[in-house]
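Novice: Here is a sequence with its predicted model. Questions after.
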Amino acid sequence: MERETGISQIEMRAVSATKARNSIWILFFVMGILSMAWVPRIPEIKRSLGINNGQFGLVLLGSTIGAISGTQICGRLVHRYGSKTILRFVTLQMPLGVIFISLSTHSVVSIFFSLFFMAFGYVGIDVCVNTQAVAIEKHLNRRYMSSFHGLWSVGAFAATLFGGIVSHYISPQINLLSVGIAGAIINFVALQYVLSNRDDGHEGGGEATGKIPLFDKKYMSLWLIGIAFIGALLPEGAVSDWSAILLKENMGIAKGLNATGFGSFALAMIVARLFGDRVLAALGPVKTVRLGGYLGGIGMGLGIAIGVPLSHSHPLIALLIVNLGFIIAGLGIGPMVPAMMLGAAALPGIAPSVAMARIGIIGMGAFFIGPTITGGLAQWINLPVAMFFPVATLILAGWLSRTLKD
């Protein structure tokens, strides 16, 4: 009788974990949509605010501050109270932030705090769903982390495409208001099926693994994973910000076709993440990061080194070669971030939610420092040479794979 009850409980837990997996897929997808919903409307919003580029950069600090503070706070809250409890708040906070942005397009102060509010909610969801993802993999004994992040990429791509299309027909206010309301409703439904606090692997109120010092030799491996995280994220920002300029100004590729660099990269990364669970299951996080970093960095570097000089005599062949390099980079980077999340969560003596939150804080430097360094190098030398900076960081990330745990 006890054996039958035990089997029944195992089966019930598997059913619960399967429902949670489906819900986390949805939450990642919606998170991608909400995070990118306002990006296609930024030029219009900036114009309505009546500010210059430098002032707009200061406005964006709202999201930076919100993300950094939110990551640190939410990691500890999840460790103490459980991911489902925190999800009840942040799955409403993020779409509300998008709605607040829609109502703040004429006020610099309002949009600053709206961005802070949205970014805090975003990183809160991020910590929670990654914590849930680690627990779901354990319950179902199968890799899902890469596909979860793949759904984020699909959502972000869909939001960018949707925003660009509707920009010809509706205002930013209506666009963001409708996305925010839809996101809140879908999040509420998906939240009902995530893992309970009892099953998500959090450890409760203890401080031993829930609070770690910023600098301590004992936790140096976490810093090294964070640096590898930067190394993987920085090329993504570089391709996003600079690939179109590289193709147009340095290779003479026509307007429209010069967008194929980032398009090729983004689609390759989506495919890599959607199918990356099989790679992670076969290779484990260490080999996945190592191969992704080395092959992605070498592929991107060779594409630029061969394609840019060739563009003066054979522009079409050069375009294909550079795009092939970006595709290889996208395929390499795709499963690296999920693999690093798993590696950080497996570190002994640190709560998974806290470990993933910490490398998230370190990795944010990729988005704010990386493009600036690339731009500075481009100004000092030239853009093709500057693009080898993110190539080098990607290879460095592959080398730092030795700090991960399978």
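Specialist: In hand now; what should we look at?

Novice: how does this protein divide into domains?
Specialist: Here the chain is described, according to automatic domain parsing, as comprising the domains 2-191, 217-403.

Novice: Quick check, pLDDT for Gly62.
Specialist: Gly62 is assigned a pLDDT of 86 by the prediction.

Novice: how far away is the nearest residue to Asn382 once chain neighbours are set aside from Arg41?
Specialist: In space, not counting the residues next to it along the chain, Asn382 is nearest to Asn250; the distance is 7.4 Å by Cβ to Cβ, 6 or more residues apart in numbering. In this view, the C-beta of every residue, glycine as well, is placed from N, C-alpha and C. Distance of Asn250 to Arg41, computed by Cβ to Cβ, to the nearest Å: 29 Å.

Novice: Those two: who's more crowded?
Specialist: Arg41 (23 against 19; other Cβ atoms under 10 Å).

Novice: Do I have it right that Ser146 meets Pro338?
Specialist: Yes. Using Cβ atoms under 8 Å, Ser146 is in contact with Pro338, at 4.3 Å.

Novice: Can you check which residues contact both of these two?
Specialist: Counting by Cβ atoms under 8 Å, 6 or more residues apart in numbering, the common neighbours of Ser146 and Pro338 are 273, 276, 280.

Novice: ok so, going back, would JSON lines of the domains of the chain with distance to Asp200 be doable?
Specialist: Putting the domains of the chain into JSON lines (distance: least, Cβ to Cβ, whole Å) gives the following:
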{"stretch": "domain 2-191", "distance to Asp200": "5"}
{"stretch": "domain 217-403", "distance to Asp200": "9"}
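
Novice: how about those domains, which one is nearest Arg198?
Specialist: Arg198 sits nearest to domain 2-191 of all the domains of the chain, at 7.9 Å, using Cβ to Cβ.

Novice: distance between that closest one and the chain's centre?
Specialist: Relative to the mean C-alpha coordinate of its chain, domain 2-191 is positioned 11 Å out (Cα atoms, centre = their mean, to the nearest Å).

Novice: start at 53 instead
Specialist: Right, with 53 as the first residue, what we last looked at is domain 54-243.

Novice: which SSE is Gly216 in?
Specialist: Here Gly216, judged by DSSP states H and E, is contained in helix 197-218.

Novice: For that helix, name the packing helices and strands.
Specialist: The helices and strands touching helix 197-218, judged by 3 or more Cβ pairs under 8 Å, 6 or more residues apart in numbering; DSSP states H and E, are helix 54-88, helix 160-192, helix 224-243, helix 312-326, helix 328-362, helix 388-397.

Novice: at 7 Å what do you get?
Specialist: Contacting helix 197-218 under the criterion 3 or more Cβ pairs under 7 Å, 6 or more residues apart in numbering; DSSP states H and E are the following elements: helix 54-88, helix 160-192, helix 312-326, helix 328-362, helix 388-397.

Novice: Which of these sits closest to Ala430?
Specialist: Each of the helices and strands packed on helix 197-218 was checked against Ala430 via Cβ to Cβ, and the shortest separation belongs to helix 328-362, namely 12.6 Å.
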